[in-house]
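Chemist: coordinates only, sequence not included:
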């Protein structure tokens, strides 16, 4: 494992803890909004990569 992978794993663990704390305080809608932004960004990046590949 390289340093980038370790950083990602630590980031994911911290995000899970943060989202769980929001749920504990009955603020689940905020965590769903954050997840929506993350998934939208991931889908946009995949679409951009696919478009670049098709343009070549």
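Modeler: Thanks, I have it. Because the structure is a prediction, the values reported are computed rather than measured.

Chemist: what comes up buried for the strand or helix carrying residue 20?
Modeler: Using DSSP states H and E, residue 20 sits in helix 3-24. For helix 3-24, burial by neighbour count (16 or more other C-beta atoms under 10 Å) applies to 19, 22. No exception for glycine: its C-beta is placed from N, CA and C like everyone else's.

Chemist: next secondary structure after that helix?
Modeler: Following helix 3-24 toward the C-terminus (DSSP H and E): helix 28-55.

Chemist: just give me how far the helix or strand of the chain with the lowest mean pLDDT sits from the chain centre.
Modeler: Least confident helix or strand of the chain, by mean pLDDT, DSSP states H and E, is helix 28-55 with a mean of 85. The chain centroid and the centroid of helix 28-55 are separated by 9 Å, computed with C-alpha atoms, centre = their mean, to the nearest Å.

Chemist: what is that helix packed up against?
Modeler: helix 3-24 (3 or more C-beta pairs under 8 Å, 6 or more residues apart in numbering; DSSP states H and E).

Chemist: what is the orientation angle of the helix it packs on with helix 28-55?
Modeler: 150 degrees (axes from the mean of the first three to the mean of the last three C-alpha atoms, to 10 degrees).

Chemist: now for helix 3-24, which elements pack on it?
Modeler: Packed next to helix 3-24, using 3+ C-beta pairs under 8 Å, 6+ apart, are helix 28-55.

Chemist: go through the helix it packs on and flag the buried ones.
Modeler: residue 31.

Chemist: who's in contact with stretch 10-26?
Modeler: Residues outside stretch 10-26 that contact it (C-beta atoms under 8 Å, 6 or more residues apart in numbering) are 28, 30, 31, 34, 35.
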